[in-house]
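with the sequence up front, the predicted model follows.
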Amino acid sequence: MASILCSLLVSLMFICLTRRMVVLTVATTTANGFSVDLIHRDSPVSPLYNPLETRFGRLNNAYNRSISRVNRFRLTYSKAFQSDIVANDGEYFMRISIGTPPVSVLGIADTGSDLTWVQCKPCEECYEQKAPLFDPTKSSTYTSVQCGTDPCNALDNSNRVCDAENNTCKYTYSYGDRSFTKGNIALEKFTVGADSTRGPFSFPNLVFGCGRNNGGTFDNVGSGIVGLGGGPLSLVKQLGKYINGKFSYCLQALGSASESSKLIFGTAKESNAVSSSTPLVEKDPATYYYVTLEAVSVGDKRLPYASFSSSSTSEKGNIIIDSGTTLTFLRSEFYTSLESALEEAIEAKRVSDPKGLLSPCFEPNKDVDLPIITFHFSGGAEVKLPAMNTFAQVEDNMVCFTMVPSNDIAIFGNLSQKNFLVSYDLEERTVSFKPTDCTNSH
């Protein structure tokens with residue numbers, strides 16, 4: 001048991017670093033495509049390393065970013081090659097190139113968004129970013145989209161604006177954390193993962209947003225958002241015929257020798273591990289990846305999730321799989337029973353998180369056995385989460401459960417997904433989870 005605790009403390013002392021990283025521009029090829037090395041923003045070798053920030057402070061920041069992101073969800077809720085993703089201020093980032101000649105941009109890789117957009121010149125109001133703004137006048141492949149066309153009509157009515165005077169299609173998005181973006185809908189060539197040894201993977205005439213008025217909580221490392229959601233304008237949907245409707249990611253546990261994570265377009269390479277698949281459920285808005293949670297087990301004790309809904313069977317699509325939220329959120333009515341089961345299973349003194357962020361928390365000792373938490377999804381999928389996916393060290397002698405109650409929306413966050421190959425098949429409408437050492441998934 002002591003070895004389990006040591007592993008937990010080593011792995012989870014870096015829990016909040018998972019959301020804050022920066023690109024190191026080194027490209028390599030793999031058997032299935034290509035990869036770009038990334039370096040953790042808070043690594044001592046990073047130029048952005050802040051030695052004054054503690055791991056506990058980072059956990060606090062990650063919790064607050066999760067709350068902010070859930071508020072955004074609430075607003076909208078009532079052939080293979082690979083690119084790299086990097087976490088920063090609560091989101092993962094992905095480097096792509098846009099235009100001709102190609103301009104490299106770093107955008108938030110977001111499974112909770114559809115439209116890909118970047119900040120563009122000239123900008124009426126833009127948040128500060130370190131990289132130059134994309135200038136569409138310098139690209140020979142940039143094409144404005146007119147009102148009434150299919151790309152324009154693919155926007156929801158609430159997000160679509162027609163400039164009648166110029167017959168140009170515009171978009172507007174606002175998020176629950178008061179961030180916003182407004183601009184022009186256009187077509188442009190995207191290049192993903194080009195390097196010096198292989199020809200680039202380029203895709204012409206992809207729909208994107210050229211943001212002219214953007215602000216809020218966006219970090220200055222990024223230039224916008226790369227939409228990986230389920231709606232018609234997302235990058236994965238637009239690349240559907242090239243990638244057979246498949247994409248996946250493998251998010252590393254922090255503290256590993258390599259700090260890179262991978263986003264793979266197409267079919268990921270096979271491994272010997274057993275994969276669990278569950279159906280994706282079609283619901284509005286189509287952006288999000290809904291699945292059905294039937295139960296959660298604490299060790300051998302199974303707690304039906306359905307018994308806390310209005311019917312005797314599990315509501316279909318009752319939880320969202322999201323790579324951009326750190327913590328996992330579960331319905332409050334269910335969470336009470338889950339918390340009680342944890343307290344029964346863990347033979348350790350229960351204590352309170354002094355920051356009031358997480359609960360339950362425990363004072364560990366060498367004999368403490370932290371239980372496996374199993375998520376039972378429809379279709380027989382079982383995702384067994386070890387302690388590194390479910391607990392975090394928040395003080396020198398305190399570990400806390402990293403799932404929290406929610407009064408409305410449920411989200412399976414990225415901490416629960418680390419060291420799993422999470423694969424989406426948008427043609428078969430499934431998502432699968434395969435235990436994987438993501439440090440060796442390159």
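Great, that's in hand.

so residue 281 makes contact with residue 315?
No. Counting by CB atoms under 8 Å, residue 281 does not reach residue 315; the two are 9.5 Å apart. Just so you know, the C-beta spots here come from the backbone N, C-alpha and C atoms, and that holds for glycine as well.

so for those two, which residues contact both of them?
Common contacts of residue 281 and residue 315, defined by CB atoms under 8 Å, 6 or more residues apart in numbering, comprise residue 292.

show the contacting residues for the residue most central in space within the chain.
With distances taken as CA atoms, centre = their mean, residue 323 lies nearest the centre of the chain, 2.1 Å away. Residues near residue 323 by CB under 8 Å, 6+ apart: 92, 109, 110, 111, 228, 249, 251, 414, 417, 422.

tell me the one of those nearest residue 358?
For those, the residue nearest residue 358 by CB to CB is residue 414; the value is 16.2 Å.

just give the nearest non-adjacent residue to the closest one, would you?
Once flanking residues are discounted, residue 414 sits nearest to residue 323: 5.1 Å by CB to CB, 6 or more residues apart in numbering.

where along the stretch 51-200 of the chain do the strands fall?
Assigned by DSSP state E, counting those that start in this stretch, the stretch 51-200 of the chain shows strands spanning 81-88, 91-98, 103-110, 117-119, 143-144, 160-163, 168-174, 180-192.

and the residue nearest to the centre of the chain, how far is that from residue 369?
For residue 323, the distance to residue 369 (CB to CB, to the nearest Å) stands at 30 Å.

same deal with residue 171?
52 Å.

look at those two and report which has more neighbours.
Regarding residue 171 and residue 369, a neighbour count based on other CB atoms under 10 Å identifies residue 171 as having more, with 23 against 14.

related to what we said a few turns ago, element containing the residue nearest to the centre of the chain, please.
Assessed by DSSP states H and E, residue 323 sits outside every helix and strand.

using a markdown table, lay out the contacts of residue 323 together with neighbour count and pLDDT.
Converted to a markdown table, the contacts of residue 323 look like this (neighbours: other CB atoms under 10 Å; pLDDT from 0 to 100):
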| residue | neighbour count | pLDDT |
| --- | --- | --- |
| 92 | 27 | 74 |
| 109 | 29 | 81 |
| 110 | 25 | 84 |
| 111 | 26 | 87 |
| 228 | 29 | 89 |
| 249 | 27 | 87 |
| 251 | 24 | 83 |
| 414 | 27 | 85 |
| 417 | 22 | 92 |
| 422 | 24 | 92 |
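
which SS class is residue 295?
Classification of residue 295 using DSSP: H, G, I helix; E, B strand; the rest coil returns strand.

and the closest residue in space to it that isn't next to it in sequence, which of the three is it?
Distance criterion CB to CB, 6+ apart; nearest residue to residue 295, sequence neighbours excluded, is residue 376 at 4.2 Å. Residue 376 falls in the strand class when you classify it by three-state DSSP.

contacting residues around residue 376?
Each residue near residue 376 by CB under 8 Å, 6+ apart is listed here: 293, 294, 295, 296, 297, 302, 382.

try it again with 6 Å
294, 295, 382 (CB atoms under 6 Å, 6 or more residues apart in numbering).

what residues of stretch 385-400 count as buried?
Residues 385-395, 398-400 are the ones in stretch 385-400 that count as buried (16 or more other CB atoms under 10 Å).

equivalent analysis for stretch 355-365, please.
Buried, per 16+ other CB under 10 Å, within stretch 355-365: 357, 358, 359, 360, 361, 362, 364.

could the residues you listed go into JSON lines alongside pLDDT?
Formatted as JSON lines, the buried residues of stretch 355-365 follow (pLDDT from 0 to 100):
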{"residue": "357", "pLDDT": "82"}
{"residue": "358", "pLDDT": "90"}
{"residue": "359", "pLDDT": "92"}
{"residue": "360", "pLDDT": "95"}
{"residue": "361", "pLDDT": "95"}
{"residue": "362", "pLDDT": "95"}
{"residue": "364", "pLDDT": "85"}
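
tell me the bridge partners for the closest residue to residue 117 other than its chain neighbours.
Sequence neighbours aside, residue 209 is the residue nearest to residue 117 in space, at 3.2 Å (criterion: CB to CB, 6+ apart). Beta-bridge pairing for residue 209 (DSSP bridges): residue 117, residue 185.

next up, the contacts around residue 209.
Contacts for residue 209 (CB under 6 Å, 6+ apart) come out as 115, 117, 171, 183.

most neighbours out of these, which is it?
Highest neighbour count within the contacts of residue 209: residue 115, with 27 neighbours (other CB under 10 Å).

is residue 189 in contact with residue 143, as I believe?
No. Residue 189 lies out of contact with residue 143 (CB atoms under 6 Å); the separation is 9.9 Å.

neighbour count winner among these two?
The residue with more neighbours, out of residue 189 and residue 143, is residue 189; 20 against 13, by other CB under 10 Å.

what does the pLDDT read for the more buried one?
On pLDDT, residue 189 comes in at 97.

which residues touch it?
Residue 189 neighbours (CB under 6 Å, 6+ apart): 100, 141, 202, 204.

how near is it to residue 137?
For residue 189, the distance to residue 137 - CB to CB - is 15 Å.

what do you get for residue 391?
Taking CB to CB, one finds residue 391 at 52 Å from residue 137.

with adjacent residues omitted, what lies nearest to residue 156?
residue 285 (7.8 Å).

mind listing what the residue lying closest to residue 302 once chain neighbours are set aside touches?
Leaving aside its sequence neighbours, residue 302 sits nearest to residue 295 (CB to CB, 6+ apart; 5.2 Å). Counting by CB under 6 Å, 6+ apart, residue 295 makes contact with 302, 304, 305, 376.

for the residues you listed, which single residue is the most surrounded?
Counting neighbours by other CB under 10 Å, residue 305 leads those with 26 neighbours.

contact partners for it?
Contact analysis of residue 305 by CB under 6 Å, 6+ apart lists 293, 294, 295, 334.

which of those sit farthest apart?
For the contacts of residue 305, with distances taken as CB to CB, the pair at the greatest spread is 294 and 334 (11.6 Å).

give me the low-pLDDT residue ranges for the stretch 301-442 of the chain?
Applying pLDDT under 70 to the stretch 301-442 of the chain flags residues 307-314, 441-442.

how is the spatially closest residue to residue 430 that is not a sequence neighbour assigned, secondary-structure-wise?
The spatially closest residue to residue 430, leaving aside those adjacent along the chain, is residue 277, at 4.8 Å (CB to CB, 6+ apart). State at residue 277, reduced to three classes by three-state DSSP: strand.

residue 277 bridge partners, please.
residue 432.

repeat that for residue 169.
For residue 169, the beta-bridge partners are residue 162 (DSSP bridges).

for residue 150, grab the count of nearby residues.
Residue 150 sits with 9 neighbouring residues when counted by other CB under 10 Å.
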